[in-house]
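Student: Curious how this folds, go ahead:
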Amino acid sequence: MNRRMTAAKGIAFAAVLTLGLAACASDTEPEGESTAEETTDEGAADAEPLTIGTILPVTGTLAFLGPPEIAGVGLAIADINEAGGVLGNEVAVEWGDSGDTTDPSVASSTATDLISSGVSAVIGAASSGVSLSVVDTFAEAEVMQISPANTAADLSGYGDFFARTAPPDTVQGAALGSLILDGGHMDVAMLVQNEAYGTGLRDHTQSAIEAGGGTVVYGAGGAGEEFPPGETNFGAQVTAALAAEPDAIVVIAFEETVAIVNELVSQGWDFDGTTYFCDGNLSNYGDQFDEGTLAGVQGTLPGAQADDDFKERLKTWYSENEGGELADFSYAAESYDATMLAALAATRGEATDGRTIADNIRAVSGSEGGTEVSSFADAVAALDAGEEITYKGLSGTGPLNDANDPSSAFIGIYQYDDSNEYSFEREIEGSI
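Tutor: Numbers count the residues shown, from 1 in each chain. Here you go, the predicted model:
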């Protein structure tokens, strides 16, 4: 595959999580679901080859998430094609950059290019704010958008042409709030970027903290203390946050986290056991900071822990196709599963257009029950036998619900060591 663009490249918890997950549900039902029984073998034979596009961060403040997501998509397409492709044809891919919310023109231009290229489904974006800026464009063109990383609650039940393999912020917020409370912290400062992802995750985390008897002393919803995406000077924000005398700080940001950490260091903050990250900034920082700077920092990341075999396959694909070394695996499994769901939806509906994918994606995820499958070849064999399927993906999420959100998901808990790199501690599963 040739790339069109290269990379510039606890009890309290259970109660809160149950409440948070319940808030995700929607009564909206997808319309006009087509099935394999409603189409003909001739129709399958005449189907156009499936082309999947990506709108993933090659540039911008989320570019560190690009490599694992790109590898997830690429590996999935390789596995699909090795198993015979979709409806007799190999799947093609059109690669695109999402940028970030600091320059909306990047995603807008990519969306236009992908639609012009005839894609039927797109994988992305990583940023909820970016997706909110292009989701209507894709829907109007009847292109199915499947995000592997969007968590903003605003996107739950957005429409037939948007789905995701990452859980909404109600899930991660409950887990993050519980983690903070379990650490014995009751007065929490939050440094939050002012866009859909940042404020949404902040709101749900704040709800969990307050439900457990804690208080957000800086950066609370309605206080107007968020910072704009792309901010580089955090002197005033950190000074104000520390003046509130917090016993813990939560950082909800992307690449801005580096500048925030440096400012916290300069103002004497002790990170060990008092500082919390989330999926937007859970990255290996290595020598970007002095040794031991982030030791004891904890963070949350939606998704099951990737097994070693999957990691090795991702590394191999990335090395062979991108010429680099893959060190992060955030949202790689979700990207793989999003790609698989698109291909399986087309297979079930026996057509490769976006409407068919939209009409069938919930069914192949397991919303109708059916035979459990974990590989594309096994899924196709079951569909050819006239069976419904439940695709059990690598990300560990449950079938898509009426809002096109995963009906269950894992949230991983991670901790940093002296090398400023994070490792898996444990995971928690929540169900809607």
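Student: Which helix or strand contains Leu301?
Tutor: Using DSSP states H and E, Leu301 falls within strand 298-302.
Student: Report the mean confidence score over that strand.
Tutor: Mean pLDDT, computed over strand 298-302, is 94.
Student: go on, stretch 123-130?
Tutor: For stretch 123-130, mean pLDDT rounds to 96.
Student: Need the distance between the two termini of that stretch.
Tutor: 13 Å (Cα to Cα, to the nearest Å).
Student: what's the answer for stretch 402-418, then?
Tutor: Using Cα to Cα, one end of stretch 402-418 lies 44 Å from the other.
Student: mind listing what's buried in that stretch?
Tutor: For stretch 402-418, the neighbour count (16 or more other Cβ atoms under 10 Å) marks 402-416 as buried. All C-beta atoms are positioned from the backbone trio N, CA, C, and that covers glycine.
Student: from the middle of its chain, how far away would it be?
Tutor: 9 Å (Cα atoms, centre = their mean, to the nearest Å).
Student: Stretch 212-220 too?
Tutor: Relative to the centre of its chain, stretch 212-220 is centred 26 Å away, using Cα atoms, centre = their mean.
Student: Can you mark which positions in it are buried?
Tutor: Neighbour-count burial for stretch 212-220 [16+ other Cβ under 10 Å]: 212, 214, 216-220.
Student: do the same with stretch 185-196
Tutor: Neighbour-count burial for stretch 185-196, counted by 16+ other Cβ under 10 Å, picks out 185-186, 188-196.
Student: same thing with stretch 296-304?
Tutor: Buried residues in stretch 296-304, counted by 16+ other Cβ under 10 Å: 297-304.
Student: repeat for stretch 304-315
Tutor: So stretch 304-315, judged by 16+ other Cβ under 10 Å, has buried residues 304-306, 310-311, 313-315.
Student: rewinding a little: kindly spell out which helices and strands sit in contact with the strand holding Leu301.
Tutor: Under the contact criterion of 3 or more Cβ pairs under 8 Å, 6 or more residues apart in numbering; DSSP states H and E, strand 298-302 touches helix 169-182, strand 275-277, strand 408-416.
Student: For it, which strands pair with it and how are they oriented?
Tutor: Strand 298-302 sits in its sheet next to strand 275-277 (parallel), strand 408-416 (antiparallel), going by DSSP bridges.
Student: want to try TSV for these, with distance to Ala363 and mean pLDDT as columns?
Tutor: Shown next, in TSV, are the strands paired with strand 298-302 (distance: least, Cβ to Cβ, whole Å; pLDDT from 0 to 100):
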stretch	distance to Ala363	mean pLDDT
strand 275-277	36	98
strand 408-416	17	94
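Student: Nearest to Asp113, out of the buried residues of stretch 304-315: which one, please.
Tutor: Nearest to Asp113 among these, counting by Cβ to Cβ, is Leu314 at 26.1 Å.
Student: what kind of secondary structure is the closest one in?
Tutor: helix (DSSP: H, G, I helix; E, B strand; the rest coil).
Student: For it, give its distance to Asp97.
Tutor: Per Cβ to Cβ, to the nearest Å, Leu314 is found 20 Å from Asp97.
Student: ok, now Glu210?
Tutor: Distance from Glu210 to Asp97, by Cβ to Cβ: 39 Å.
Student: between those two, which one's more packed in?
Tutor: Counted by other Cβ atoms under 10 Å, Glu210 and Asp97 do not tie: Asp97 has more neighbours, with 27 against 15.
Student: contacting residues around the more buried one?
Tutor: Contacts for Asp97 were tallied using Cβ atoms under 8 Å, 6 or more residues apart in numbering; they are 5, 55-59, 106-107, 110.
Student: Ok, Leu326 next?
Tutor: Taking Cβ under 8 Å, 6+ apart, one finds 67-68, 71, 314-315, 318-319 in contact with Leu326.
Student: In space, what's closest to it - neighbours in sequence excluded?
Tutor: Excluding the flanking residues, the one nearest Leu326 by Cβ to Cβ, 6 or more residues apart in numbering is Tyr318, at 4.1 Å.
Student: what about the one you found, which SS state?
Tutor: Per three-state DSSP, Tyr318 ends up helix.
Student: so it sits right up against Pro67, yeah?
Tutor: Yes. Assessed by Cβ atoms under 8 Å, Tyr318 is found in contact with Pro67 at 6.4 Å.
Student: Tell me the gap between stretch 243-259 and the middle of its chain.
Tutor: 21 Å.
Student: Buried residues in it, which are they?
Tutor: Within stretch 243-259, the residues that qualify as buried are 246-259, counting by 16+ other Cβ under 10 Å.
Student: coming back round to it: and the residue nearest to Leu326, what's its pLDDT?
Tutor: pLDDT at Tyr318 comes out at 98.
Student: Could you pull up the contacting residues of it?
Tutor: Counted by Cβ under 8 Å, 6+ apart, Tyr318 has contacts 67, 70-71, 74, 324-326.
Student: same question, Trp317
Tutor: Under the criterion of Cβ under 8 Å, 6+ apart, the neighbours of Trp317 are 71, 74-75, 78.
Student: next one: Val143
Tutor: Contacts of Val143 (Cβ under 8 Å, 6+ apart): 53, 114-115, 119-122, 161, 354.
Student: Can you tell me the SS state at Ile55?
Tutor: strand.
Student: Give me the distance between the nearest residue to it once chain neighbours are set aside and Glu350.
Tutor: Of all residues not flanking Ile55 in the chain, Gly124 sits nearest, at 3.6 Å (Cβ to Cβ, 6+ apart). Look at Gly124 and Glu350: by Cβ to Cβ, they are 26 Å apart.
Student: That concludes my questions; thank you for your assistance.
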